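Participant: Return a 3D structure for these sequence lines:
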Amino acid sequence: MKATRIIPFLIVLALLSACTPKPEQLAPYIEQTVQAIPTHTAYPTNTPYATHTAYPTYTKPPTTTPIIKLVTPTYTFTPIYTATATIPPTETPIPSPTPDPLKTNKRPGIYLVNVTIAPGVWLSLGTGNNCYWEITTRTGDIINNHFGMAGGTCYIPPSAFQVTFKENCGDWQFLEEP
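Facilitator: Alright, predicted model coming up:
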């Protein structure tokens, strides 16, 4: 326990002894000081006779006290960067064109031309023999119709208003535009 107290004291003592000037370093300073000090008093004093010193007095230079600064180590943290996995881009599939809803296959029903069904040639996919379909104008006049075997085609003109497909014709598939 005592050894740990003595070591810091020895370090301070070594630092103080390193700061004390050596005699050969003081010689020029002493000579300058001796020459600069007057030998008599320039101002009158309260003594009945003049005071005179045969030898100048020597004033020691001020001693220097070492300033000991305790330096506390500071730590700056360096960020640690980690590698990140980069996923290579995947090929984006070329989007297929969206089918026109007016040209998708139609089931039996009533459709408005250019609203729910496209004008053009349509093919019946049914196999029955009681297939009926009709195309009408806005006033209800029949432009064209068919009653008979399924599996044929139907041409819907752009000027038509409504198309009716009956049950026995099956589904209808768009073939071509007018």
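Participant: Run through the strands of this protein in chain order.
Facilitator: Remark: strands assigned in the chain by DSSP state E are 109-112, 120-124, 131-136, 142-148, 153-156, 162-165, 172-176.
Participant: now the third one against strand 142-148, angle please.
Facilitator: This points to strand 131-136. Inter-element angle recorded for strand 131-136 and strand 142-148: 180 degrees (by axes from the mean of the first three to the mean of the last three Cα atoms, to 10 degrees).
Participant: Which residues outside strand 131-136 are in contact with it?
Facilitator: Counting by Cβ atoms under 8 Å, 6 or more residues apart in numbering, strand 131-136 makes contact with 124, 142-152, 154, 156-157, 160-166, 168-170, all of which sit outside it. (Glycine included, C-beta is placed from N, CA and C.)
Participant: got it, and the longest one?
Facilitator: Contact with strand 142-148 is made by 129-137, 152, 154-155, 157, 160, as judged by Cβ under 8 Å, 6+ apart.
Participant: and that strand, which strands flank it?
Facilitator: For strand 142-148, sheet partners with direction are given as strand 131-136 (antiparallel), following DSSP bridges.
Participant: now do the fifth one
Facilitator: Using DSSP bridges, the strands paired with strand 153-156 in its sheet are strand 120-124 (antiparallel).
Participant: coming back round to it: among the contacts of strand 131-136, which ones are buried?
Facilitator: Neighbour-count burial within these applies to 124, 143, 146, 150, 154, 156, 160-163, 165-166, 168-170; the criterion is 16 or more other Cβ atoms under 10 Å.
Participant: Could I get the full set of helices for the chain?
Facilitator: According to DSSP state H, the chain carries its helices in the segments 2-19, 23-36.
Participant: Could you list the low-pLDDT ranges of this protein?
Facilitator: Judged by pLDDT under 70, the chain has its weakly predicted residues at 1-59.
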